[in-house]
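Trainee: 3D, please:
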Amino acid sequence: MAKPYLIDGYKFDLRLYVLVNGISPLRVYLFKDGLARFATVPYQMPAPKNLDNLCMHLTNYAINKESEDFVQNDDETRDDIGSKRSFAFVLSHIESNYGTQAKDEVLSKIKDIIIKTLCMA
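Mentor: Numbering: from 1, shown residues only. The predicted model follows:
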């Protein structure tokens, strides 16, 4: 089983917002201020002893907001702390750790998934 990409040892998901301004031709805009939702327990590969730890394996806000480890970011000038962070932070983190080419590749793949999803709809 492949290990997911982690930030600071935590699993996360992305909540991205897209505006479809037309379908013929397809005109799509990706809002750059998406959201990354983080699990509140450091990730470990699934094993019988940790499968029931929802705050390790799931990133749903509804689950993690109840965790004693949930970190509310009350500093609007920082997007690099807390259990919810910005999409811009995730891209910056990738660029800082793996370079601009890696960040551009991830962003390109995300855009490709968006377009393919819309074409299927």
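
Trainee: strands along this structure, start to end?
Mentor: Taking DSSP state E, the strands of the chain run over residues 12-15, 18-23, 26-30, 35-38, 84-86.

Trainee: in CSV: those strands, plus mean neighbour count and mean pLDDT.
Mentor: Using the backbone N, CA and C atoms, a C-beta is placed for each residue, glycine as well. Formatted as CSV, the strands of the chain follow (neighbours: other Cβ atoms under 10 Å; pLDDT from 0 to 100):
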stretch, mean neighbour count, mean pLDDT
strand 12-15, 15, 96
strand 18-23, 11, 93
strand 26-30, 12, 93
strand 35-38, 20, 95
strand 84-86, 20, 93
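
Trainee: so which of the ones you listed is nearest residue 112?
Mentor: Nearest to residue 112 among the strands of the chain is strand 26-30 (11.3 Å), distances taken as Cβ to Cβ.

Trainee: CA atoms only: put that closest one into PDB for me.
Mentor: Provided in PDB are the C-alpha atoms of strand 26-30 (Å, rounded to 0.1, in the frame of the first residue of the first chain):
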ATOM      1  CA  LEU A  26     -15.300  24.700 -21.800                       C
ATOM      2  CA  ARG A  27     -14.200  27.700 -19.700                       C
ATOM      3  CA  VAL A  28     -13.100  26.800 -16.200                       C
ATOM      4  CA  TYR A  29     -11.600  28.900 -13.400                       C
ATOM      5  CA  LEU A  30      -9.800  27.400 -10.400                       C
END
